[in-house]
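>>> Build me a structure from this.
(one chain, ligands or ions: 2)
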Amino acid sequence: MAKLTRRGLLCATAPLAAAPLGLAAVARGRDVTAAPHDHSAHRSLATHDQRAAMIGHAAMIGEGAPAVGGPNDLDDLLYPPPALPYRPGRVRDYTLVATDEEIEIAPGVFFPAWTYNGTVPGPVIRATEDDILRVRFVNAGVHPHTIHFHGIHPTDMDGVFEIVSPGKELTYEFPARPAGFHLYHCHATPLKKHIHKGLYGAFVIDPKKPREPARELVMVMNGFDTDADGENNFYTVNGRTFYYARYPIRVRQGELVRLYLANLTEFDLINSFHLHADFFRYQPTGTGEHWEYTDTVMQCQGQRGVLEMRFANTGTFMFHAHQSEFTELGWMGYFQVGED
Ligand code: CU
Ligand code: CU
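Ligands and ions are numbered 1, 2, ... in the order given. Just a heads-up that it's a prediction; the model follows:
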């Protein structure tokens with residue numbers, strides 16, 4: 001039987017909305033007869049107009065959006081811990097435990113993930129510049145892993161050579177620098193596998209001179225290869241398809257919204273973020289004085305940056321990858337902007 005390709009699944013996106021369990025069976029490779037797999041049929045389904053008619057964006061909001069779970073499930077990933085004012089010598093302690101978990105990324109679609117603390121992406125790590133960051137890493141999985149932090153630190157804290165075997169642990173400790181928005185991920189080999197299985201997360205280092213108070217959000221863009229063919233079948237921010245379409249992110253008109261955006265998508269060269277009906281300013285890597293004023297940014301894997309916006313109007317503002325394929329495979333959501 002012909003293997004279902006990523007494009008084949010794309011054409012099956014309409015069934016995702018209508019009958020997600022059928023797609024789940026395909027994505028897990030258990031029962032391919034439960035969903036279309038004839039490629040000529042896919043092509044006939046795949047014309048733009050037909051697909052748009054079936055998965056029109058207007059319907060992809062609230063209950064109509066195929067997302068897993070309740071309204072607060074991803075709060076710990078979306079809302080970072082608060083910034084702390086600089087204080088010399090402070091230690092910031094974190095514990096990360098690598099575990100193997102089946103996670104549900106779309107209704108009925110499970111992915112055999114390797115996680116930090118049970119979620120993909122892992123927890124948001126935050127420190128102020130020159131805090132001592134101390135991260136105890138416990139490997140409770142069945143493969144060797146590490147944590148490689150982006151930033152400036154001694155090379156024996158870099159998570160490349162000090163492989164942590166299953167059942168073992170290692171504590172990383174170094175001053176957090178430079179201020180900016182960074183990331184962390186496993187650096188065991190094969191690297192591609194350890195990343196695409198889910199071992200990565202966001203790492204915020206606040207400047208000593210604090211940023212202006214804001215409504216702060218974190219989004220890690222990623223993909224999931226659910227049929228192990230080396231291509232992503234689903235795309236998300238913070239790990240679940242269409243989650244912020246089902247549960248739009250509430251912000252206030254005119255308030256400063258600061259979004260820490262990172263790309264950990266494996267297999268695809270780039271990912272992107274596009275905001276509808278307003279603009280934002282973008283600071284690459286969260287460092288330096290250069291801000292771009294735009295409504296669309298793209299990031300290669302490992303790139304990240306800080307977006308700041310103040311919504312001029314109230315209403316429902318879509319955001320999504322500007323690769324429309326990624327959008328239709330799960331990477332889409334909304335800001336719900338109110339007066340208060
Ligand atoms: Cu690993
Ligand atoms: Cu990296």
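>>> Please make it C-alpha for all contacts and neighbour counts, starting now.
Noted.
>>> Below-threshold pLDDT in the protein: ranges please.
Within the chain, the stretches with pLDDT under 70 are 1-59.
>>> Close to ligand 1: what parts of it are there?
The chain comes close to ligand 1 at residues 145, 186, 188, 194, as judged by Cα under 5 Å from the ion.
>>> Please tell me how far the closest residue to the last one other than its chain neighbours sits from residue 200.
What it means is residue 194. Spatial nearest neighbour of residue 194, excluding adjacent residues (Cα to Cα, 6 or more residues apart in numbering): residue 186 at 6.2 Å. According to Cα to Cα, to the nearest Å, residue 186 and residue 200 sit 7 Å apart.
>>> Over to residue 220?
For residue 220, the distance to residue 200 - Cα to Cα - is 9 Å.
>>> between the two, what contacts are shared?
121, 264 (Cα atoms under 8 Å, 6 or more residues apart in numbering).
>>> Keep only those of the residues of the chain next to ligand 1 that are in helices.
residue 194 (DSSP state H).
>>> Going by distance to ligand 1, which of the residues of the chain next to ligand 1 wins?
residue 145 (3.6 Å; Cα to the ion).
>>> so who does the closest one touch?
Applying Cα under 8 Å, 6+ apart, one finds that residue 145 lies in contact with 98, 139, 163-166, 186-188, 194.
>>> change it to 10 Å
Counting by Cα atoms under 10 Å, 6 or more residues apart in numbering, residue 145 touches 98, 114, 137-139, 159-160, 162-166, 168-169, 185-189, 194, 199.
>>> What are the buried residues along the lengthiest strand in the chain?
In the chain, taking DSSP state E as the definition, the longest strand is strand 91-106. In terms of neighbour count (16 or more other Cα atoms under 10 Å), strand 91-106 has its buried residues at 91-92, 94, 96-101, 103-106.
>>> ranges for the strands of the stretch 51-200 of the chain?
91-106, 109-116, 125-128, 132-139, 148-149, 169-175, 180-185, 200-206 (DSSP state E, counting those that start in this stretch).
>>> Save those as a markdown table, and put in distance to residue 286 too.
Shown next, in a markdown table, are the strands of the stretch 51-200 of the chain (distance: least, Cα to Cα, whole Å):
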| stretch | distance to residue 286 |
| --- | --- |
| strand 91-106 | 20 |
| strand 109-116 | 24 |
| strand 125-128 | 13 |
| strand 132-139 | 19 |
| strand 148-149 | 16 |
| strand 169-175 | 18 |
| strand 180-185 | 4 |
| strand 200-206 | 9 |
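>>> ok, now how distant is the spatially most central residue of the chain from residue 298?
The residue lying closest to the centre of the chain (Cα atoms, centre = their mean) is residue 220, at 2.8 Å. Look at residue 220 and residue 298: by Cα to Cα, they are 13 Å apart.
>>> Then residue 217?
Taken as Cα to Cα, the span from residue 217 to residue 298 is 18 Å.
>>> Which neighbours do residue 186 and residue 200 have in common?
Contact with both residue 186 and residue 200 is made by residues 114-116, 147-149, 194, according to Cα under 10 Å, 6+ apart.
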